[in-house]
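Participant: For reference, the sequence and a predicted model appear below.
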Amino acid sequence: MRRLLALDLSGKTGWAVMVRNSAPIFGTWVAPPEAVGEYGKRHSAFRLWLLEMDMVHTFDGFAFESPIMKPTDDMHILRVLIGYAVVVEEYAGWIKRQPGREHFGCTEVSVQTTKKALTGDAYADKKMMIAAACRRGWRVADDHQADAGAVGLVGYETLWMS
């Protein structure tokens, strides 16, 4: 059984551990506070969290939602989100170089693709995402976790089409 870590990257990163034909495990990683411009502290904490999660679950792949910038966001937010994406890709590359893990996968999925996979609507809002996750029987605490589940649906199929 392949195990995927699906991520909705943000200051409150929703995550889902996905295994085919099993209920996902959901959670939220909250970034440590930092001053504008202190990106290293936040990205280092995220890298350490990924390492700890992988040590517990031994993933076969990662999937993450493409960082996007809303009109109300500032460049600080975009830099944080792109940094998270780089950390995921860099860590996945490191895992692939480990003996026995050469087939580790990593994929980025678009926001609209994840929304459509979970709700059928590429422009679904947060409430629609949570409602669709609940209809699947998923126990999500917030929209970040619902989004992570949607990322997992797309990521799992992208990496390991059956």
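Facilitator: Sure thing, it's come through.
Participant: pLDDT score for the residue of the chain most remote from its centre?
Facilitator: Ranked by distance from the centre of the chain (Cα atoms, centre = their mean), the top residue is residue 99, with 24.7 Å. Looking at residue 99, its pLDDT reads 96.
Participant: now do residue 72
Facilitator: Note on residue 72: pLDDT of 67.
Participant: one step back: distance-wise, check the residue farthest from the centre of the chain relative to residue 53.
Facilitator: Taking Cβ to Cβ, to the nearest Å as the measure, residue 99 falls 20 Å from residue 53. Placement of C-beta: from N, CA and C, glycine included.
Participant: same question, residue 150
Facilitator: 19 Å.
Participant: more neighbours, the two?
Facilitator: With neighbours defined as other Cβ atoms under 10 Å, residue 150 and residue 53 compare such that residue 150 has more, 29 against 18.
Participant: Can you name the residues in contact with the helix ranked longest in the chain?
Facilitator: In the chain, taking DSSP state H as the definition, the longest helix is helix 75-96. Helix 75-96 has contacts (Cβ atoms under 8 Å, 6 or more residues apart in numbering) with 7, 9-11, 13, 31, 36-37, 39, 42-43, 46-47, 50-51, 54, 59, 61-62, 64, 66-69, 101-106, 108.
Participant: Which members of these occur in helices, if any?
Facilitator: Among the contacts of helix 75-96, the ones falling in helices (DSSP H) are 39, 42-43, 46-47, 50-51, 54.
Participant: now those in CSV, with neighbour count and distance to residue 94?
Facilitator: Listed next are the ones in helices among the contacts of helix 75-96 as CSV, based on neighbours: other Cβ atoms under 10 Å; distance: Cβ to Cβ, whole Å:
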residue, neighbour count, distance to residue 94
39, 16, 20
42, 19, 19
43, 19, 15
46, 22, 14
47, 16, 10
50, 23, 10
51, 13, 10
54, 18, 10
